[in-house]
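*Asks:* Quick one, what's the 3D model for this:
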Amino acid sequence: MTDLPGHVSAATLAVHAGRPPHDPDQPLNVPITMASTYVAGGDLEYGRHTNPTWTAFEETLGALEGGRCLSFASGMAAITTVLDLVGPDSVVVVPQHSYTGTLLMLGDLELRGRLTTRLVDLTDTAAVIAAIDEDVALVWLESPTNPAMELADIPAIVAAAHAAGTRVVVDNTFATPVLQRPLEQGADLVVHSATKFIAGHSDVLMGAVVVRDEELYAVLKGRRDLMGSIPGPFESWLALRGLRTLPLRVERASATAAELARRLGEHPAIAEVRYPGFGAVLAVVLAGGPDAADALVRSTRLWIHATSLGGVESTFERRRRWKAEPATIPAGLVRLSVGIEDVEDLWSDLAEALRGV
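*Replies:* Below you'll find the predicted structure:
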């Protein structure tokens, strides 16, 4: 791959990392390598072990996060592989408000006697630290949390976890490496649903894990290769193509999200705005409760009622429509994922729908 000068910005890394060498007649983009089998004698050997297309994606995301990246078939495949590091009878500390898939997977593992889950209020750093003892094998963090939009004191929690001999993983899907680099704050692993902001166009299912420790990287790669939870070459190519514009998309969507949070905070139909001050995701609690929230998501023309997030288009949903969503999430909470549309158009659509509510 192309050598880059040191200390370049995230915007430059996103564009230039993971490219072929600048040799005559080389393509600017890594081609899609559709191969399950390679001629013996080299480093590739078999399609479940590696693929040049997903390697280019891994190099780029790894450069952005400051570590070595492994790509997976989905965010849940990445999450499951990390949780597979936890041995029998161990404890995982996790925020009570986390991605539903993470909580469901932990619940399933606990039901089968694999581990014990210790739920914590992420906004109470002292309580999180108090929950970390010699029985804890992994501390799982989201910052911001999904969908409560709570922030973790990552350095303080990491310090306490490492003092107890425990690893820390941070789900960085919402913030992305453009806004937050958990490995630089001491975290051991970073997890992404690359389906969201990384790929950014609502057309790819992929996941990723980024680490700095080479031994941990080898363990995770061995687990991924053995379980076969690998991405397809075409998905990897699409995700890399989306990754090239990540800083631009995040910058635009974040600026719009901040302005929408300000305006929504002044609207009489909104009882509460949850926005951490950065990023393209926010949540609002409707004063009229779940009925008002349901009316809102049915009444817009630009905003799309959908369960995913991080695309170029703006989407939203009432999270408690899912039975697995924690009961501590307000029934009238709507999570908004802001896209790259014009801010005035998005606001006009929201304001008109809120008038009806």
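
*Asks:* who's in contact with the residue nearest to residue 11 when sequence neighbours are not counted?
*Replies:* In space, and not counting its chain neighbours, residue 11 is closest to residue 247: 4.2 Å by C-beta to C-beta, 6 or more residues apart in numbering. For glycine as for every other residue, the C-beta is placed from the backbone atoms N, C-alpha and C. Applying C-beta atoms under 8 Å, 6 or more residues apart in numbering to residue 247 gives the contacts 10-11, 14, 178.

*Asks:* And the next helix or strand past the helix or strand where residue 247 lies?
*Replies:* Assigned by DSSP states H and E, residue 247 falls within helix 246-265. Downstream of helix 246-265, the first helix or strand assigned by DSSP H and E is strand 270-274.

*Asks:* tilt between that following strand and helix 246-265?
*Replies:* In terms of direction (axes from the mean of the first three to the mean of the last three C-alpha atoms, to 10 degrees), strand 270-274 departs from helix 246-265 by 150 degrees.

*Asks:* what's the offset of strand 270-274 from the middle of its chain?
*Replies:* Computed by C-alpha atoms, centre = their mean, to the nearest Å, the separation of strand 270-274 from the middle of its chain amounts to 23 Å.

*Asks:* So which elements touch that strand?
*Replies:* helix 246-265, strand 281-286 (3 or more C-beta pairs under 8 Å, 6 or more residues apart in numbering; DSSP states H and E).

*Asks:* domain parsing for this structure?
*Replies:* Domain segmentation of the chain under automatic domain parsing yields 10-243, 246-356.

*Asks:* Export those domains as TSV, with columns for mean pLDDT.
*Replies:* Below are those laid out as TSV (pLDDT from 0 to 100):
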stretch	mean pLDDT
domain 10-243	97
domain 246-356	97
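
*Asks:* Can you say which of those is nearest to residue 4?
*Replies:* Nearest to residue 4, of all the domains of the chain, is domain 10-243, at 5.7 Å by C-beta to C-beta.

*Asks:* Endpoints of that closest one, how far apart?
*Replies:* Between the start and the finish of domain 10-243 there is a gap of 11 Å, counting by C-alpha to C-alpha, to the nearest Å.

*Asks:* now do stretch 167-186
*Replies:* Stretch 167-186: ends 10 Å apart by C-alpha to C-alpha.

*Asks:* Which positions in that stretch come out as buried?
*Replies:* Buried residues in stretch 167-186, counted by 16 or more other C-beta atoms under 10 Å: 167-183, 185-186.

*Asks:* same deal with stretch 151-163?
*Replies:* 151-154, 157-158, 160-162.

*Asks:* Next: stretch 246-257.
*Replies:* Buried, per 16+ other C-beta under 10 Å, within stretch 246-257: 246-247, 249-250, 252-254, 256-257.

*Asks:* re the thing from before, let me know the angle separating the helix holding residue 247 from strand 281-286.
*Replies:* 20 degrees.

*Asks:* Alpha carbons of helix 246-265, as CSV, please.
*Replies:* Provided in CSV are the C-alpha atoms of helix 246-265 (Å, rounded to 0.1, in the frame of the first residue of the first chain):
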residue,chain,number,x,y,z
LEU,A,246,-16.3,9.9,6.5
PRO,A,247,-14.7,13.2,7.8
LEU,A,248,-16.8,15.3,5.4
ARG,A,249,-20.0,13.5,6.2
VAL,A,250,-19.4,13.6,9.9
GLU,A,251,-18.5,17.3,9.8
ARG,A,252,-21.6,18.3,7.8
ALA,A,253,-24.0,16.1,9.8
SER,A,254,-22.6,17.1,13.2
ALA,A,255,-23.0,20.8,12.4
THR,A,256,-26.6,20.2,11.4
ALA,A,257,-27.3,18.0,14.4
ALA,A,258,-26.0,20.7,16.8
GLU,A,259,-28.3,23.3,15.2
LEU,A,260,-31.3,21.0,15.2
ALA,A,261,-30.7,20.2,18.9
ARG,A,262,-30.7,23.9,19.7
ARG,A,263,-34.0,24.5,17.8
LEU,A,264,-35.7,21.4,19.2
GLY,A,265,-34.7,22.5,22.7
